[in-house]
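*Asks:* here you go, sequence then predicted model.
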Amino acid sequence: MIFWENQLRPLTSFILLYGVFGAAGIVSATNYQINFTVANGSPAPTSGAFDWNGSTFSNFIVIWDGFTFDMTSLANFPSHYGPPASCGSTATDFFNFMVTGQACTPEGGAGYHWGAQSLNYDTSFAIIDNTPTASAAIIANNDFGIIANFTNHDSRGDFTSSAVVTTPEPGTLSIALVGLLTLVAWKRASQIPSLLTRRYCEHF
């Protein structure tokens, strides 16, 4: 009995910990969908989404006019110009801007929070927060420069971001449940010898 206890203990612990930490890893980053509106020009972005783990962006993709803009590194290290006290310049500041619409104090000078263009001299997509005087801003700008397949489109507008509710994979939860049930069974099995010994002593 002792042999099997010693064999099952590390295996049970591994299964339980793998399931628990595996499930935690899945929900560690929250996915946000970006909902764009157009104020001027066309077209609107087809889609936009980012993943936030509490301190950094692990994914930030926007699709506009057939172009895919990877904004991940730009969102983690946003550009900043103007008085230092006016706008934040960290990934957390940019995340707060994405979910609240404000990174600069005061905020809102540009009248729009995203802008895109695909012209003969530049194709780019930018997310920006200006002060009313436009003297400071926090910005993430993915600039392709001059490309041959430009579309001659130019648009800008606003956005909102909303968190997407995610559910851990059933397989990971099953592993955690198996580990927990195995641990309970092992605990009960380990108590049988002591129970039999106690009853044996009581009998005599």
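*Replies:* Ah, there it is.
*Asks:* low-confidence ranges, the chain, go.
*Replies:* Counting by pLDDT under 70, the chain contains low-confidence residues at 1-27, 84-85, 107-111, 133-134, 166-204.
*Asks:* quick one, domains of it?
*Replies:* Domains of the chain are assigned by automatic domain parsing as 2-25+168-203, 28-164.
*Asks:* where along the protein do the helices fall?
*Replies:* Using DSSP state H, the helices of the chain run over residues 2-26, 72-76, 91-100, 170-203.
*Asks:* what sits against C87?
*Replies:* H80, D93, A103, C104, T105, D129, T131, A136, A137, I138 (Cβ atoms under 8 Å, 6 or more residues apart in numbering). The way it works is simple: take the backbone N, C-alpha and C, and place the C-beta from them, glycine included.
*Asks:* now rank those by neighbours and give me the top one.
*Replies:* Neighbour tally across these (other Cβ atoms under 10 Å): the maximum, 29 neighbours, falls on A103.
*Asks:* need the contact list for that one.
*Replies:* C87, G88, D93, F94, N96, F97, D129, I138 are the contacts of A103 under Cβ under 8 Å, 6+ apart.
*Asks:* let's see that with 10 Å instead.
*Replies:* 78, 80, 86-90, 92-97, 113, 128-131, 136-139 (Cβ atoms under 10 Å, 6 or more residues apart in numbering).
*Asks:* same question, I138
*Replies:* 78-82, 86-90, 93-94, 96-97, 102-104, 107, 127-131.
*Asks:* can you pull the contacts of A163?
*Replies:* Contact analysis of A163 by Cβ under 10 Å, 6+ apart lists T30, N31, Y32, Q33, W52, V99.
*Asks:* thanks again, I'm all set now.
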